[in-house]
Structure formats: C-alpha cells, structure tokens
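Chemist: Quick one: sequence and predicted model below, then my questions.
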There are 2 protein chains.
Amino acid sequence: MSFTYEFERPSLTVDCVVFGVDESTLKILLIERGIEPFAGQWALPGGFVRMHEDLESAALRELSEETGVTKLYLEQLYTFGAAERDPRGRVVTIAYYALVRLADHRVRAATDARDAAWYAIDDLPPLAFDHRKIVDVARERLRGKVRYKPIGFELLPHKFTLTELQKLYEIVLERALDKRNFRKKILGMELLVALDEVEAGVSHRAARLYKFDTRRYKRLVRQGFNFEI
Amino acid sequence: MSFTYEFERPSLTVDCVVFGVDESTLKILLIERGIEPFAGQWALPGGFVRMHEDLESAALRELSEETGVTKLYLEQLYTFGAAERDPRGRVVTIAYYALVRLADHRVRAATDARDAAWYAIDDLPPLAFDHRKIVDVARERLRGKVRYKPIGFELLPHKFTLTELQKLYEIVLERALDKRNFRKKILGMELLVALDEVEAGVSHRAARLYKFDTRRYKRLVRQGFNFEI
DNA sequence: CCAAAAGTGTTCACGGTACACCCATGC
DNA sequence: GCATGGGTGTACCGTGAACACTTTTGG
C-alpha cells in the first residue's frame, strides 16, 4: 500500500519531554532507539502522527507504547521544523511536555524502543536529533509555568509534606527558598488541605501531610484568583 | 509530477495572526480566500509549507505573498492539528502571531487571496476553518506576553507619546491604567529616550515624543532586569 | 540525650495604587 | 478665553524578604 500526492509533504512526528521528580532530582524519561537513524542512542519518546488521530492523542499513544506511561499532565510545547533536523528528510515534530508522579510509573520499553529509563536532567546522555534543544526549551517552559500555574503538584504524590513541596519548587526554579516565607505564602492561598495524617518511617518529627484542593482552586480562579509563587 | 510515500502523511500549513494598532483599535490582517474551500470567506493569511524551508520562513513567505507585509515581529503561537479541522483532509497548521506598525504597511492582496484587509479584533467576520479559535489563542498570548516582554513597542511607530503607549497597553490588556502610575513606572525603567521633538498637528499642548532604547534593554536584561507592566 | 527536621512571627523596605490640579497650546 | 489633553507628587497599604529559636520524634 502506498500514498501519492501532487506535492511533497514533510513527515509529522510528536515527541515528549516527560518530567518526574525523584528524591529531589528532576528527571526526564528517555528511550534507547532500537531502529535507525540513531539506533542505540537515547532520545525522547515519540513517533509518527497517524492520519486520523489528534496531535495530543498521538503523543499519549507513543508514550504509552514506548514507555508504558499513561496517566499524566500533558501540554503542547513547541513545534520544531528546521529543514535539516532529521537525516531521513523533512520531519516536523510537535513537542509536548508532560509531568508525572514518578513513583506511580514503572517504565517498560516496547515497540521501537530498546530500553526506557529516567535520567537526571543535569546528567543527560547525548541525545538523537535536536532532542537536546527540545529538552532545554521544555525545562525553560516548566520553570516559567510552575510559578503561575499550580502544575507542580502533578509531580508530587497526592499526599505530600510542605518540605517536599518546597524542595520541588527549589529544584524546578533552581534556587533556594526561605522556609517560613514559603509556608506563609502557600498556606495563605488556602489551596492546600491539611490531612489528619503525618509522614511515616522518618527518624525525626513526622511532618504533616497535605493535599492540593483542585475544586477550590478552580473556584478561586473563576473569582479572579491568580496562583503565583 | 507526484510524490509517493509508504504511509499517509498529513499536509502542513502555516497561518499568521498579524496584529496592528490603528487609532486605539486592535486589528488583525485577514485575507479573502480566492480558492476553495471557503472561497470568498475571510481567513488568516497562510499556506502550505514547502519541503525545504523552515517553518518561520514559510510564515514570512506566505505573509509577503498574500498581503505584501514584510518587516515584522514574528513568533510561533501553537500548532493546531485536530483531525477534522480542514474539509480537504488532514491538515496540521503551525500558527504564528506577528506584530506590525500598521501605518508602515500598505496591504495588497495577491496569489490565493482575493483581497486583504485589517479588521478590528472585536468585529471580525466569520472566519474559515478553525481560524477564529486561532485568533482567540493569539489574543490571549499577546495579552500575556505584553506584560513581561517589551513587544508592545512593535505595534507603535518608532516615535511615540506616552499617552499612545498607555493607550496601547489599555487596548491589549483590556483595562484602564492610571496615567501618573503608568508614567512613573515606564519612565522608571529607563528604557525610553525622550526626544527633542513633540507631536505635531494637534489642537492642544503637544506631547513629547519618546523612542524605545533596544540597546539599553538588552544590556539590562543581561544584568538580570525583568521588564514588567 | 542527641540528631534531624518540623514548625512558627516580626520587622523592614519597596512597589503598587489611589488620587487632583495646573500648564501649554490651538482655535 | 476656552477646550483639550499634557504633565506632575504624595500618602497609604500590602507583599516580599530577611532572619533564629523551640518542639517533636526516633534511635
């Protein structure tokens, strides 16, 4: 089977930068390519867009196929279309970035991926194509967005301590935050619900657990509230 | 001549939302389509991406061909790829938004465009495809970005009065600003150069003209300065 | 009792906001 | 001289930033 067109057409792919936080390290999910070009090299999970699927669906499908990751926050990042970015010919890729609760996801490689693994963002292997550039753009976007949308919670377990939350912001923003000011600010927003529960298995005073109140957040947004760290 | 591929490929287009400000009205540039589908309807300027040109080059080329507009600020907006957005079949479009000094541009229609004209953003005709949605996303993006990047100046003549600048922000942000506070803030950034010149042809006290100091802005940014209105 | 992290308030500086009148110019 | 917009300063308040000690728990 083949398809014939009057004009040449570029190929269309999607690629995903999947962020996760593990023990105070920001990581992204990579696959080891099983096929040429760049076979054996690490790359972003992604692949060709099918004819009848939306772009976001394509991103979700590729992620699921190649890495087993399914439930996540996904958002379009940018479209990379430099004429020479792929040695196979003209390939335009729509990049997405995603946030996952890393503990929830046992990754497993499949389809075109020989392997799948989490890499610390500050210690990435050489990446195929222009994927390094895509990662840099994604990180920059995450840094920007985390400050005015409560997307950071997508990276944490549903129940978390204030210290974990602060650490997360410190990792993403790449700077230290003052403990008292951070708590005052975040609690002042009244978006967190204090649970009747504390962390377990620590050899010091156990911290209270909180959860993010999505309902309340949506209500406040409708009233003109702006999240900001 | 024709091209044959093993797998189906979507078509790829670019579309541009070109903003201009005219007499305190925010306008965008539309073309009247000369060919099907939607012949005779208004639409965003745009067209198919060629095989060997970058996406941004394609956007600039289409703009120039269809409307005669050339020198402008251009930035990628978002990629729209819903499976059913184009009746001709699968067409993915990379949308750009652009800012121009409206007075500099005599528009003229050409190629696939029967006509080209500026329309007030609040009084648009029905648009072809999903272009209305693209316009809405672009407007939202402009509103957001104008506050923390000095892109508003791209919409004004090189020499402008403080009142013109304030009007511009009021139009884009859709709210009134306090004159004294606005001036204090904008002059305090030291990004404007007061010229030895005042506006002409007004029947009241003539306002001083200013220009934006790009050099100085870049220097300040390197030192960690953040523009913000 | 020691180590480790949890939890908690106050002060100060700065920037945002509200607000009203005189001035210069053209007709 | 009048209509029109240009241009200017101050007072208040809320938010961001700096900063250190006591409490709780497990080992």
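Modeler: Received it, and whenever you're ready, just let me know what you need.
Chemist: Up against chain B, what does chain A have?
Modeler: Proximity of chain A to chain B, by CB under 8 Å from any CB of the partner chain, involves residues A:1-12, A:48-49, A:51-55, A:76, A:78-79, A:81-83, A:90, A:92, A:94. Placement of C-beta: from N, CA and C, glycine included.
Chemist: try 7 Å this time
Modeler: For chain A, the contact set with chain B under CB under 7 Å from any CB of the partner chain comprises A:2-12, A:48-49, A:51-55, A:76, A:78-79, A:81-83, A:90, A:92, A:94.
Chemist: out of those residues, which are inside helices?
Modeler: A:L55 (DSSP state H).
Chemist: Return a PyMOL selection command for the buried portion of the residues of chain A next to chain B.
Modeler: In PyMOL, a selection of the buried entries from the residues of chain A next to chain B looks like this (16 or more other CB atoms under 10 Å in any protein chain shown):
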select buried, chain A and resi 8+9+10+11+12+48+49+53+54+55+76+78+79+81+83+90+92+94
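Chemist: Number of residues surrounding A:E164?
Modeler: 18 (other CB atoms under 10 Å in any protein chain shown).
Chemist: Quick check, it in contact with A:L156.
Modeler: Yes - using CB atoms under 7 Å, A:E164 is in contact with A:L156, at 6.1 Å.
Chemist: just checking, what packs against the lowest-mean-pLDDT helix or strand in chain A?
Modeler: Within chain A, no helix or strand scores below strand A:113-120, which has a mean of 92 by mean pLDDT, DSSP states H and E. Applying 3 or more CB pairs under 7 Å, 6 or more residues apart in numbering or on different chains; DSSP states H and E, we find strand A:113-120 packed against strand A:25-33, helix A:55-67.
Chemist: For the longest one, could you pull out the residues that count as buried?
Modeler: This points to helix A:55-67. A:55-60, A:62-64, A:66-67.
Chemist: who in chain A is up against DNA strand D?
Modeler: Chain A comes close to DNA strand D at residues A:178-181, A:185, A:202-206, A:228, as judged by CB under 7 Å from any atom of the strand.
Chemist: For the residues you listed, work out which two are farthest apart.
Modeler: Using CB to CB, the two most remote members of those are A:S203 and A:E228, lying 35.4 Å apart.
Chemist: the more surrounded of the two?
Modeler: Higher neighbour count among A:S203 and A:E228: A:E228, with 10 against 5, using other CB under 10 Å.
Chemist: which one is that one nearest to, not counting chain neighbours?
Modeler: A:Y148 (5.3 Å; CB to CB, 6 or more residues apart in numbering or on different chains).
Chemist: hang on, isn't the one you found packed against A:F225?
Modeler: No - counting by CB under 7 Å, A:Y148 sits too far from A:F225 to count as a contact (11.4 Å).
Chemist: Which one's more surrounded, these two?
Modeler: A:F225 (15 against 12).
Chemist: wait, is the more buried one part of a strand?
Modeler: No - counting by DSSP: H, G, I helix; E, B strand; the rest coil, A:F225 is not found in a strand; it is coil.
Chemist: returning to that earlier point: filter the residues of chain A next to DNA strand D down to the ones in helices?
Modeler: The helices, defined by DSSP H, take in A:179-181, A:185 from these.
Chemist: Which ones among these also lie next to DNA strand C?
Modeler: Among these, DNA strand C is touched by A:179-181 when using CB under 7 Å from any atom of the strand.
Chemist: Is it possible to mark the buried ones in those residues?
Modeler: Buried among these by 16+ other CB under 10 Å: none.
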